[in-house]
Structure formats: C-alpha cells, structure tokens
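Chemist: from the sequence below, what's the structure:
(chains A and B)
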There are 2 protein chains.
Amino acid sequence: MFFVMTPSRRLLSLRRSLVHCRGVSVENTGRKAAVDRVLSAFRSICGEDGVSLGEAIREQHGKDESVHRCRPPDVVVFPHCVEEVSALAKICHDNNLPIIPFGTGTGLEGGVGAVKGGVCFSLRNMEQILDLHPEDFDVTVEPGVTRKALNSHLRDTGLWFPVDPGADASLCGMAATSASGTNAVRYGTMRENVMNLEVVLSDGTVIHTAGKGRRPRKTSAGYNLTNLFVGSEGTLGIITKTTLRLYGIPEAMVSAVCSFPSVQAAVDSTVQILQAGIPIARIEFLDDVMIDACNKFSSLSYPVAPTLFLEFHGSERSLEEQVTMAEEITQSNEGSDFQWARDTETRNRLWKARHDAWYAAQALRPGSKAYSTDVCVPLSRLPQIIVETKKDLLESRLTGPIAGHVGDGNFHCLMVVDPDDLDEQHRVHLFAERLARRALALDGTCTGEHGVGLGKRALLCEEVGPLAIQVMQGLKDSLDPKNLMNPGKILLNGGF
Amino acid sequence: MFFVMTPSRRLLSLRRSLVHCRGVSVENTGRKAAVDRVLSAFRSICGEDGVSLGEAIREQHGKDESVHRCRPPDVVVFPHCVEEVSALAKICHDNNLPIIPFGTGTGLEGGVGAVKGGVCFSLRNMEQILDLHPEDFDVTVEPGVTRKALNSHLRDTGLWFPVDPGADASLCGMAATSASGTNAVRYGTMRENVMNLEVVLSDGTVIHTAGKGRRPRKTSAGYNLTNLFVGSEGTLGIITKTTLRLYGIPEAMVSAVCSFPSVQAAVDSTVQILQAGIPIARIEFLDDVMIDACNKFSSLSYPVAPTLFLEFHGSERSLEEQVTMAEEITQSNEGSDFQWARDTETRNRLWKARHDAWYAAQALRPGSKAYSTDVCVPLSRLPQIIVETKKDLLESRLTGPIAGHVGDGNFHCLMVVDPDDLDEQHRVHLFAERLARRALALDGTCTGEHGVGLGKRALLCEEVGPLAIQVMQGLKDSLDPKNLMNPGKILLNGGF
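Modeler: Coordinates of the predicted model:
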C-alpha cells in the first residue's frame, strides 16, 4: 500500500465530494473540463496517489496485449475497496464520464481502450483473498487477485482453481471476459466456475448477482445475473468480487505428446477420447508450423507434424487406465507412441513450451508483433477449418502457426506481423475476418474465449443476428442507460 | 398429429389474421372479449383442433405438480412450429393477452398458473429431435421432446443426456426452469448443458440466443443470452428449441447404498469423496424417515438411518478404484459396508426407489398430498440445516422426509399434507418459509432447482436484495415491456 489516506478517512469525506460534484452536466466536448472538475473529489476518495494523470500511467492503462492501438483514458484511479469504486462511479455517472475497468491488461481484443476517453478504474489495489471455504470448495477474491496468486495461496489446502488462460490474469478480469484456456475441456470456463459476483453499476449501485455472501453450488433463484455479467467485458458494470468454485488437486498428473500424419487424425483421436468418457484434463493441438516454432524456441525436438499435447488428472491407478485407453485411440489413428512427461519438472517444461507458443511464434520473425485470432467450431468441423485456414495463410503470404484447445473446438492462429508493414497488417485483418466467417459458416463462433472487445463487434452481429443484438442492446440500455460503462465495446452502438 | 390444416396452409392465412387482429387495444377487464376476438385468428394459425376453450383442457393446463391451486388460462393453443408460436405471440402482444408456455406440467412451483388469465401455449405438438451431431456431442430438440424420449432416441449412438430431475419433463421446460436432479454433481445442471436456445419474445420476434444453428462448445461472443433465458421460467420468452450437450454413455455403472450413524457422518463422507476427486455420478442423501418410507413403499430393507445412495460411472477398472476409495472414506466415517447394485436390474430398482420417494412419502399418510421444499446450501452447512430442520418438523407436528442431492448441498423435505386440514397446510407454509430463511442464513438459496414460480417471489427478494431485484425487473421490462410473458412469476411486480 502506498496510499497515505486511510479508507475510513477517505470515506468520511465522501459525502462532501458527492454533493460538490452531483449533477454537473457536460457535453462530450466538455469531457476534459469535467475531468478537471472531479479530480479533487476523486482524490478525496482514493487519496492523492490514487489518482493519476501522468501520461505513462494513462498509456499503460489504454492498451492490452492485442494489436489495437493505445487509447489512453483521461485519468486513472486506483480504488482500494468497493465503497470507493461505488463513490467514484457515482461521480462519473453524474458527470457523464466513461468508466473503464482495468485488471491486469492481459486481454486480447482491445477491451481496455478508452475509445471515448473517461476514467480508467485500475483495480490492482483490491487484492484480498476473502472467505476461503475449503470444505465447500469456494473462495471469494477481489479484482487485484490473479490466478497464480490464488493458486499459490491455496497450495496448502489441497485445492486449486484450474481455469488457465495462459496469462497470469486477474480472476475478476477473467470473469469479465469469460476466459477459459487449456483446462476448460475438463473443468469448464469461467461461465461454469463463477458462483457469485459483486458488481458496481454505472451509477454506483452495488449488487451481488446471487445475493450477498451466497455460495450454493447451484441455484434456480431468479434470472441468472451472474452469467449475464460473466463475459460482459466491463460494459455492464465493474466486477469488484468474484466467488469461484475450487477443485481438489488431483493425486497425480501426467502429460504426453503425440504426433499425427494429419489434422484429421489428431481431431478424430480427440473426438474418440471424449466419446470414450476419458476425463482428459487438457488436449491441445499444435500444427506443424507451431510445433516447429516451439521446438526452436523451447529447445525441444518433437516431430514437425500435427501434434497433440495431452494431460491426465486423477489417481495413480486411474491415470494408468486413462493413458492406456487414450494411447490405444491415438495409435488406431496412426498417432506416434506417446512421449511422456511424468515428473513435475518435465511436465512443467512441456506446458511452459505450450504457453510460450505466443513468444515462439514471434521468434519466427524477430522484431515482429503477434496477434492471436480466436475461433471455435463444433469438433467435427475442425479438420475442414484448419485445412482451409492453412491454405488461406499460404495464399495470403502470412505466418500464423495454429494452437488450440481442440477438446472444445477452439483454436488460435498466432499471426506474426511486421509492425512496419501496413500491407501485411491489412492482409492479416482480411485473413482474420475470413477465418471468423469460416467459423460462422461451420456453426461456430467468432470468439471462443478472447471476447468481442473492439475488433469483433461487426462479426458478433453476423453471428447472432440483428434481433439478438437488439436484445443485447436492450439489456445494455437497461443496466447502463447513459452508455458510460466501457463504451464502444461488444456492441457497435455508441462506438468510437 | 390430429390437426387437419397443414402448417403451410395455416401460414398462408397468417397475414390476413395478423392484419385483422393488429392494434386491438383492450383493458384488463376486457380480456375475455379480447380472447373472443382473436379466436378465429388463432384457429387460422393452429387449425380448428389447435385451439381449445374446453374447461377440462384449460384446467389441465392451469396447474403443475405443486400445491398451488389451478389457475386455468382463458384458452389453450397447440402450435406446431416456431412460425405458429411467433404468429400467435404477435396477436397476444397486439391484444395485451398474457402468454404462458406449457411443456409437460411437471413443474413444482406453480409456474404454469395463468394468474392473469390469457393464452396457454401448449408445446406438445412440437416434438421433433433435430440436428443430432453424435461426433460433436450435441442435439437440438423442440419443446415437446422429453428427457426420456431423447435418451431413447439416442440409445444406438452411444450418447445420452444425463440431466435427470426425476420427472419425464420436456427438455425445453427443463431449460426454462433451470432443472437439474440426481446427476448434477457430475454432469452439471441445465445451465451448464444448454448451448443455444431459439426463443420467441412476447411480440413474436424470434431470436437464437447464440445465433441460429450455432453450437460451439464454448463462446465469448457477446452477452450470455442463453443463460439469461435458462431459468427465466417463461417470463422472458417462449423457448421453442434447445441445443444440448451430450455425453458418452459410460462403459459401466455401479450403485451402492451406505448407512451412517449421523447426518454429519454422511455429509463428511460426501465432502471427502468430492475432495478426493472421485468423479461420483450421483450421491443422494435420505434421512431416516425417508429411507423408512422407501423401505415400506418399494419393499426394501435398508437400515433406518441417515443413508447415501451412490452411483459411479466409468470403465470397469476405474469403477473398481472409485468404489474402493469411496468405501474407505465412508468407513472412516463409520458408514456401513456398501450394499451393491451392480447389475442393471438391481440398479434400476434402487434408483426407482429413490425417484419414487415422492410417492413413498405420500404413502406414509394415505389420502395426503405431497409438497416438496427445495433449498440449497454450501456443503458444510448441510448437517446444521438438516438437524435444525428435523427438529422444526417435530415441533411443528409435520411429516417431511428428507431427500437430497447432497453433492450439491441441495435437499428437499417431501411434506405430506392432509388436503382437508387447513391448519396443517398453514403450518407447512410457515415451516417452508422458515426452512428457506434458514438456508438464506447459511449462505444458501431458497431454491436449488425448482425455481421461484409463484411461491418464492418474496423469498427471492430476501435472497438477492432489492437492488438485484431492480436489475432483474429492468431486464424483464426490456424484454417484455407489456409484462405479458407468464406474468406474476419470479418477480412480485405485476403479480396476481
């Protein structure tokens, strides 16, 4: 903590600030003036150091890990508790200032860009792990808590939180973008693992989507507000607490690598493994280009061919059976013998190589930037879309190794782009749109886990159709009638 | 099919009907007149036999399996396809007539009662199983398709749909009430297993919550409309198609029964089984009164003590290990030796006894009616709430054997009530409210799987708080501004 003013002192001065700022009406053009006007109120809430106008800080908060250009907010605030978030939101609401929540900035679709300026709520100072109930398999965390921090905190309880998008993202941010990753095939995505949320609405109202402090493992009580906010990308409210499902750490884990003569053979193996009811924990596909890049980047020597990385969780004995069954299936599809990673160190090296795919792709062309596409199709459509996509990459003269969570039908092309080559960037853009439309034509979605953000708003309209978009817009209008919550994301209306 | 007019002929005459009926504005008091006015349009859409004013038919559609009294609609319509549902809804909308969707009438919270009169949409004639994709583990069904019908259709595919609330309910109805049941501990509830919905809104608009025909296993594309409609109990729209996740039928299943010296010992065993990562498929608790009733009703001879019914799914070999581990755990908690049900017949008899608990409870007092409470609490709170509840039953002089999906913390008191004893009915009502509030006080919910319906609207307010209720009401207003969709359910506003 590097703030001098205590939360209680700050809250004491809140009422005066609210009175001072209430009802100031400004036009969009007067936004900067409005920001100037509310600064002292912000400071009385968050402390002097809790409000930043510095260019470096603003730029750092105007950008995630995507290729979308930096759109810095007018000011960044660093609240310490939900009461401060609520008080700040109320001032923004009264002054028509956009609100952009910010976790770790590890998003991949430009979700944090302040496309209409406004106030970035950086939530890194809210970093408490609250209400851990090991016997009930649940925990509540604030938005500054990352996935790795939680798992490190849980280490001695025999429990873990398995959803793993690769990045060490904020768990509330992961809820906001409906993140998932390599373990989803067994443990589900954030949609299945968030039990309750505390949310601050644009006018400062604080709600608990399943009721304050509630954590039943299932409920049929009223509309499912929890899953309305999961994946809403900050456009409906600011998530200030997330209650999560936890799982027992498996007695044993073992990983394996297997190469295939074709994409079809790898996908057929996946379908058959799932159909056999093998409770596979991860099943990741890497195409020949991707495995070649990983070999080079992580000093590995796997055959350059369509490849599956697999992981099994369970008891020692059940692993033996899972692995035998899975290997029989892969071999019947002309897969190679499994290459094993039984000990923790080898296993960690394997998955580090998989998670470093992003850097491995970039290393294919030094000085390049990476851009990850993200589509998801029904399993049976994977071979077709991957083959067509590889052809498209060749024809478009683009480098885009493919890695994917094949058990869910979700995959990424890690596009490696020369940041100075505008023509190439344009070709990547057109390629990514073709890829998304190819997924749509095969009953899939334009985003399996990265979200819509800025880049996929038009594709979302194509995906769900204008009538469902109208329904979504109606929900947005109902919850955020002034369109202040992260405006310009998900829905085209109110964009930049 | 017993309708003479073909769907295509009916649709040809639609435009005239719509023109004829559009814009007729009536006060609530003029509802019956409005019904008279729209009948010919209804008939031109559904055929002569597709519109019923008969008292028996209306009464049959005004009631589910709960104790809520029959509230018959003014008229029942039997559409054959989504176009007919849409056309009928549009007429209702233009004439301010309430719309109540009806599946199999197996609900337990009075969800189908026409508390403001209006038009019941009985969806039994829409009974197609569409788009079965075995290799993608998904299928789409119309609202007339029940759980058992689907599983019987799937038999030769090696797949099944495991969500099992006991009743042979309509799958779209199960989506509408967010049903679950005995298998949820392993396979999740409807929330986790519905991939897409076709929904007709109150004005006749047809939307697909995840886009038409889409069925990726995961998506981050826009607001999660699917899970907004799952559990909305017909108050936001009429579900006319549901796309469901399917699972491979396990190679083997085995069931077991185990008695315990205390509720605490049974619950401790459950927590430890889950914590050990044993992928238990069902783990059902029956208290001493319930097992006694089941013994008598189903000619069984289990010890009259707190009891777990367990079921394991997997390969032969993995079952062996699961069972050994589970038995070690139960024995360490002073559980009895497992009584086995290894062959299909014995297993079916066991689960039939569990599913017949409702009738077993009723048989405790011939001539009585059963009423099922439905609360859900975190696992660790189960012993406390069950012990307190049994004490309350005694003190209130009520019979209410307890059965529950203990792996989810969800349990029911099957209240056995003399329908002529008004005093007893009043005591049951007060008891059920105390039970729900006890669950709320223990971080739980007033309904784990039956929904809010008519009876739990005030409890829902207590559970989520007035601000979350405001948000829910805002969503309802956005989707159904005239409050025509199943009015008076879930939310108190617009009640009867």
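Chemist: need the pLDDT of the residue nearest the centre of chain A.
Modeler: Centroid-nearest residue in chain A: residue A:179, 3.8 Å away (criterion: CA atoms, centre = their mean). Looking at residue A:179, its pLDDT stands at 96.
Chemist: enumerate every residue touching the residue nearest to it when sequence neighbours are not counted.
Modeler: In this structure, residue A:179 finds its nearest non-sequential neighbour in residue A:165, 4.4 Å apart by CB to CB, 6 or more residues apart in numbering or on different chains. For every residue, glycine as well, the C-beta is placed using N, CA and C. Counting by CB atoms under 8 Å, 6 or more residues apart in numbering or on different chains, residue A:165 makes contact with A:147, A:174, A:179-181, A:449.
Chemist: about what we covered before: and the gap between the residue nearest to the centre of chain A and residue A:245?
Modeler: Separation of residue A:179 from residue A:245 (CB to CB, to the nearest Å) stands at 15 Å.
Chemist: any low-confidence regions in the stretch 51-200 of chain A?
Modeler: Within the stretch 51-200 of chain A, no range satisfies pLDDT under 70.
Chemist: please list the residues of it that sit near chain B.
Modeler: A:133, A:135-138, A:158-159, A:177-180, A:184, A:188-189, A:191-192 (CB under 8 Å from any CB of the partner chain).
Chemist: mean confidence for stretch A:477-485?
Modeler: Throughout stretch A:477-485, pLDDT has a mean value of 97.
Chemist: returning to what we had before: among the residues of the stretch 51-200 of chain A next to chain B, which pair sits farthest apart?
Modeler: Taking CB to CB as the measure, these span a maximum distance of 30.2 Å, between A:135 and A:177.
Chemist: neighbour count winner among the two?
Modeler: residue A:177 (30 against 17; other CB atoms under 10 Å in any protein chain shown).
Chemist: ranges for the helices of the stretch 251-400 of chain A?
Modeler: Taking DSSP state H, counting those that start in this stretch, the helices of the stretch 251-400 of chain A run over residues A:263-275, A:288-298, A:316-332, A:344-355, A:357-363, A:382-395.
Chemist: what is the burial count for residue A:305?
Modeler: Residue A:305: 20 neighbours (other CB under 10 Å).
Chemist: report the contact partners of it.
Modeler: Here residue A:305 is in contact with A:259-261, A:288, A:291 (criterion: CB under 8 Å, 6+ apart).
Chemist: could I get the residues you listed as TSV with pLDDT?
Modeler: TSV is the format used below for these (pLDDT from 0 to 100):
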residue	pLDDT
A:259	97
A:260	97
A:261	97
A:288	96
A:291	96
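Chemist: max pairwise distance over the residues you listed: which two?
Modeler: A:261 and A:291 (13.7 Å).
Chemist: the two: which is more packed in?
Modeler: Under the neighbour definition other CB under 10 Å, residue A:261 and residue A:291 were set side by side, and residue A:291 has more, 27 against 13.
Chemist: skip the chain neighbours and tell me the closest residue to the more buried one.
Modeler: Nearest to residue A:291 is residue A:307, by CB to CB, 6+ apart, at 4.7 Å.
Chemist: burial check on the one you found, number of neighbours?
Modeler: 24.
Chemist: surely it and residue A:258 touch.
Modeler: Yes. Residue A:307 is within contact range of residue A:258, at 6.9 Å (criterion: CB atoms under 8 Å).
Chemist: ok, back up a step: filter the contacts of residue A:165 down to just the ones in helices.
Modeler: Among these, the residues falling in helices (DSSP state H) are A:147, A:174.
Chemist: of the contacts of residue A:165 - the most surrounded one?
Modeler: In those, the most neighbours by other CB under 10 Å go to residue A:174, 32 neighbours.
Chemist: list the contacts of that residue.
Modeler: Going by CB under 8 Å, 6+ apart, the list of residues near residue A:174 reads A:147, A:163, A:165, A:190.
Chemist: between the residues you listed, which is nearest chain B?
Modeler: For those, the residue nearest chain B by CB to the nearest CB is residue A:190; the value is 9.1 Å.
Chemist: phi and psi next, for the closest one.
Modeler: phi -60, psi -30 (degrees, to the nearest 10).
Chemist: rewinding a little: now, which of the residues of the stretch 51-200 of chain A next to chain B sits nearest residue A:94?
Modeler: residue A:177 (28.3 Å).
Chemist: where's the residue lying closest to that closest one once chain neighbours are set aside relative to residue B:230, distance?
Modeler: Leaving aside its sequence neighbours, residue A:177 sits nearest to residue A:451 (CB to CB, 6+ apart; 4.4 Å). Distance, residue A:451 to residue B:230, by CB to CB: 21 Å.
Chemist: one more: residue A:47?
Modeler: Taking CB to CB, one finds residue A:47 at 43 Å from residue B:230.
Chemist: and what of residue A:400?
Modeler: 36 Å.
Chemist: give me the pLDDT value at residue A:341.
Modeler: Looking at residue A:341, the pLDDT reads 88.
Chemist: burial count for it?
Modeler: Neighbourhood size, residue A:341 [other CB under 10 Å]: 21.
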